[in-house]
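>>> sequence and predicted structure are below.
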Amino acid sequence: MNAPLPQDRAGAPLRAVVTGSDSGIGKAIAVALAGGGADVGITFHEDAEGAEDTAAQVRERGVRAAVRRLDLTDLPTAAAVVDELAEELGGIDVLVNCAGTGSSQKALDMDFDTWRSVLSVDLDGAFLCSQRAARRMVEAGRGGRIINITSVHEHQPKVGAAPYCAAKAGLGALTKVLALELSEHAITVNSVAPGEISTPMTGQEDADPREEPRPGVPLGRPGHAAEVAAVVAFLATPAAGYVTGASFVVDGGMTLMGPQASQLLADHGWRTP
């Protein structure tokens, strides 16, 4: 997780921006990149204290941290935060789109505003932040990395999560398009698709995933945010320089269980969000 990151031409450390890095997976990613020697731009929506805690952990690793509030309900204006962080850090070499939201309501019961708000934050926000970062990477001429945190629902559906699944599947497709379009500039674009991870988003902020049994997951437990961060950190290293347009599923085998698990369902409880 703390493997050294590539250096720019002047030998200075990389500059990374991680959206939604005030807690959970985003925080773990920011700290992992800092451990590899990257200066890190941190964003939050409401948890300023959490963002400052991330910044403190980043600085403990001997690199710089910059913090900004990012409200992805205010688009396209909010994406300017990427430029602000890049200016403070002296550039941007890595963007990790981790900020997002979701819903828990069946499609037939959902109003358009709910549908649109989830898509806007999870897909439009990632597009606009990627566009800002990529323009700077192209101008700098040193290549770069864009890493989109999607979900297993980039690949598999879930009852009660229509806009979330649509946004994550769309972000997966956007990842591939950007991988093609930015390849001539030595910018790689990949997605990381977590399953159930012990984070505040899943109501497991302080849970030890090793003590949370999940019989339906082949590895038998949820994941730890650091296990997702390790994959992201790898994608930011020179070792991943020939990897682009790929989706890395980090789910303990969950998505392999469709036919296997469906045979064991004894009732229709799965139809309720």
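Perfect, thanks for sending it. Numbering: from 1, shown residues only.
>>> show me what counts as buried in the helix or strand of the chain with the lowest mean pLDDT.
One helix or strand of the chain scores below all others by mean pLDDT, DSSP states H and E: helix 258-262, with a mean of 88. Buried positions in helix 258-262, judged by neighbour count with 16 or more other Cβ atoms under 10 Å: none. Using the backbone N, CA and C atoms, a C-beta is placed for each residue, glycine as well.
>>> skipping its backbone neighbours, what lies nearest L85 in space?
Counting by Cβ to Cβ, 6 or more residues apart in numbering, L85 lies nearest to G41, which is 3.2 Å off, once chain neighbours are set aside.
>>> which helix or strand contains that neighbour?
If you go by DSSP states H and E, G41 is part of strand 39-44.
>>> what lines up beside that strand in the sheet?
strand 15-18 (parallel), strand 65-69 (parallel) (DSSP bridges).
>>> can you put those strands in CSV and add distance to A239, mean neighbour count and mean pLDDT?
Shown next, in CSV, are those (distance: least, Cβ to Cβ, whole Å; neighbours: other Cβ atoms under 10 Å; pLDDT from 0 to 100):
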stretch, distance to A239, mean neighbour count, mean pLDDT
strand 15-18, 16, 32, 98
strand 65-69, 25, 19, 98
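>>> nearest to E196, out of those strands?
strand 15-18 (21.0 Å; Cβ to Cβ).
>>> please state the mean pLDDT value computed over the helix or strand following that closest one.
Sequence-wise, the next helix or strand downstream of strand 15-18 (DSSP H and E) is helix 24-35. Across helix 24-35, the average pLDDT comes to 97.
>>> which residues touch helix 24-35?
1-2, 5, 14, 16, 18-21, 40, 42, 50, 53-54, 57-58, 61, 63, 65, 94, 96, 98-99, 149, 194, 197, 199-201, 224-226, 228-230, 232-233, 236 (Cβ atoms under 8 Å, 6 or more residues apart in numbering).
>>> can you state the direction angle for it and strand 39-44?
160 degrees (axes from the mean of the first three to the mean of the last three Cα atoms, to 10 degrees).
>>> thinking again about what came up before, the residue nearest to L85 contacts L70, correct?
No: with contact defined as Cβ atoms under 8 Å, G41 does not count as touching L70 (9.9 Å).
>>> tally of neighbours for A230?
18 (other Cβ atoms under 10 Å).
>>> show residues contacting the helix or strand hosting it.
In this assignment (DSSP H and E), A230 forms part of helix 225-235. The contact list for helix 225-235 (Cβ under 8 Å, 6+ apart) reads 1-3, 5, 24-25, 27-29, 31-33, 35-36, 96, 145, 147, 149, 188, 190, 192, 194, 197-199, 240, 243, 248, 250.
>>> partners of the following helix or strand past it in the sheet?
The C-terminal neighbour of helix 225-235 among helices and strands, as given by DSSP H and E, is strand 247-250. Looking at strand 247-250 with DSSP bridges, its partner strands are strand 187-194 (parallel).
>>> helices and strands around the least confident helix or strand of the chain, which ones?
Here helix 258-262 is seen to pack against no other helix or strand when contacts are counted using 3 or more Cβ pairs under 8 Å, 6 or more residues apart in numbering; DSSP states H and E.
>>> how far away from the center of its chain is it?
The chain centroid and the centroid of helix 258-262 are separated by 27 Å, computed with Cα atoms, centre = their mean, to the nearest Å.
>>> what's the answer for stretch 57-77, then?
Relative to the chain's own centre, stretch 57-77 is displaced by 14 Å; criterion: Cα atoms, centre = their mean.
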